[in-house]
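after the sequence you'll find the predicted model.
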Amino acid sequence: MTNSPPDEFQGIVQPPVRVLITGGGTGGHVYPGLAVADAIERLAPGSEVRFAGTKRGIESVLVPRAGYRLTTLPASGLRGLTGRARLMFLVNFFLGFCRSLWMFLLWRPRVVLGTGGYVSAPVMLAARALGITCALQEQNAIPGSTNRLVARWAKRIYLGFGAAARYFKEDRCRETGNPVRAAFLGAAQPGESPPAGAGKNLLIFGGSRGAATLNKAVAAAASVWGTREDMRILAQTGPGQRQEVADAFGPDPACRVEVDSYIEDMATALLAADLVVCRAGAMTLAELQATGRPAILVPFPFATDDHQLRNAEDCARAGAAVVLRDEACTGEALVALVDELLNDTPRLRAMSVAARGLARPKAAEDIACDILRLAGV
């Protein structure tokens, strides 16, 4: 990715470009917004990018850590609501809409970009009411409920997967791929191997909140993996099961094991891995592809419209991953599949090359360029 603005943005004296990015709840909605925000600041130095999210979502940690201002709003989900929860949704939507109006009147952005999550709905409705240009970034092949709702207010819709176009007005869609942060781009090359004697590096993670199925399988596999001297294992469990998984390996496993609640520097962890075991969220796949990592994908079976299975199958057809269904992900099955792949270096290299072939390294820059055009730059 280039570190300087394209020619069309150079030498132009403009008032500060103000862009608000809204979305949250999970890293899959927050990280693409951060990648686009960084790209906007590279392309238009002096621009002002802010975020809107909730106090409970992971955006409350990730956004300030990245150096951006976050406005928090009340919000709650759209699906499966009954009784009191439905009333709370309506109250939170109204309060979020009103606070968004006030935020926009005080700090009027030229463009509002939604990246998904229920908080984006009242924000984008308020932007629409004030005549502020709206755009949407959809990560998955099958859009979530909120993005299907707010798409009617979006002038532009940036797609991670072209298959999502059938859910929106196609004349508004741009297939850009999913934006990833610069740290994931251009570091390790496909097929690179660790130094002789260094052992194989296995990375296992279940997203920002962890994954109970993966944690259970890793704990069950610990009796085998813990005796292996030719492996290094980094497992992310989420906050609730870290100690349980760590204890399964015992006090002194032969392999080097690190069990963390959350991996802050995921780019470094991915680039060090020979093989990755993870869920199949759209942003996880984009990061795997950007780094060229072969993977065993265990789709979350309760994702909206089973979109993770669709994501995983697309990668498997390209030769970049192997799919292990959630109900089949036992300790025994995971040990067998990990051994099969780690003992087949040519196959790992082919998977790595295939993953790189799916990558869209300029997605963040392409989206940022278009947002700047929408902003009149």
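Good, I have the coordinates.

could you use CA atoms for every contact and neighbour count after this?
OK.

now do the strands in the stretch 51-200 of the chain.
Under the criterion DSSP state E, counting those that start in this stretch, the stretch 51-200 of the chain contains strands at 69-72, 111-114, 133-138, 156-159, 173-175, 200-205.

burial count for residue 32?
Other residues lying near residue 32 total 26 when counted by other CA atoms under 10 Å.

ignore what I typed, I meant residue 304.
When neighbours are counted by other CA under 10 Å, residue 304 comes out with 13.

so it touches residue 144, yeah?
Yes - between residue 304 and residue 144 there is a contact at 6.4 Å, judged by CA atoms under 8 Å.

okay, the strands of the stretch 51-200 of the chain in JSON lines with mean pLDDT, distance to residue 371 and mean neighbour count next?
Output for the strands of the stretch 51-200 of the chain, formatted as JSON lines (pLDDT from 0 to 100; distance: least, CA to CA, whole Å; neighbours: other CA atoms under 10 Å):
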{"stretch": "strand 69-72", "mean pLDDT": "96", "distance to residue 371": "19", "mean neighbour count": "18"}
{"stretch": "strand 111-114", "mean pLDDT": "98", "distance to residue 371": "7", "mean neighbour count": "28"}
{"stretch": "strand 133-138", "mean pLDDT": "97", "distance to residue 371": "8", "mean neighbour count": "26"}
{"stretch": "strand 156-159", "mean pLDDT": "98", "distance to residue 371": "9", "mean neighbour count": "25"}
{"stretch": "strand 173-175", "mean pLDDT": "97", "distance to residue 371": "12", "mean neighbour count": "20"}
{"stretch": "strand 200-205", "mean pLDDT": "96", "distance to residue 371": "33", "mean neighbour count": "23"}
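
from residue 280, how far off is residue 319?
Residue 319 sits 15 Å away from residue 280, going by CA to CA, to the nearest Å.

got it, and residue 97?
32 Å.

repeat for residue 127
For residue 127, the distance to residue 280 - CA to CA - is 32 Å.

cool, and residue 151?
24 Å.

compare the two (neighbour count), which wins?
residue 280 (27 against 23).

would you map the helices across the protein?
With DSSP state H, the ranges of helices along the chain come out as 27-43, 59-65, 84-106, 120-129, 145-150, 212-225, 242-248, 266-272, 282-291, 307-317, 331-342, 345-358, 363-374.

circling back: and the strands of the stretch 51-200 of the chain: which comes nearest residue 184?
Each of those has some distance to residue 184 by CA to CA; the shortest is strand 200-205, at 15.6 Å.

what ranges in the stretch 101-250 of the chain fall below the confidence cut-off?
186-198 (pLDDT under 70).

and the closest residue to residue 183 other than its chain neighbours, what does it touch?
Closest residue in space to residue 183, ignoring its immediate chain neighbours: residue 267 at 6.0 Å, by CA to CA, 6 or more residues apart in numbering. Taking CA atoms under 8 Å, 6 or more residues apart in numbering as the criterion, residue 267 is in contact with 183, 184, 287, 291.

can you check residue 55 too?
72, 73.

cool, and the one 5 residues further on?
When the contact criterion is CA under 8 Å, 6+ apart, the partners of residue 60 are 53, 54, 70, 72.

and the last one, how far from residue 154?
Spelled out, that is residue 72. 22 Å.

then residue 121?
11 Å.

ok, those two, which is more surrounded?
Legend: neighbour count by other CA under 10 Å for residue 121 and residue 154, higher for residue 121 (25 against 22).

that one and residue 146 touch, don't they?
Yes - between residue 121 and residue 146 a contact is recorded at 6.4 Å, counting by CA under 8 Å.

list the contacts of stretch 30-41.
By CA under 8 Å, 6+ apart, stretch 30-41 touches 21-24, 47-49, 58-59, 62-63, 66, 115, 178-182, 283, 364-365, 367-369, 372.

which of those residues are buried? Put it as a PyMOL command.
In PyMOL syntax, the buried subset of those is picked out as below (16 or more other CA atoms under 10 Å):
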select buried, resi 21+22+23+24+47+48+49+58+59+62+63+115+178+179+180+181+182+283+364+365+367+368+369+372
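
now do the contacts for the residue lying closest to residue 225 once chain neighbours are set aside.
Using CA to CA, 6+ apart and skipping the chain neighbours, the partner closest in space to residue 225 is residue 255 (7.1 Å). By CA under 8 Å, 6+ apart, the residues touching residue 255 are 225, 226, 227, 228, 229, 230, 231, 232, 233.
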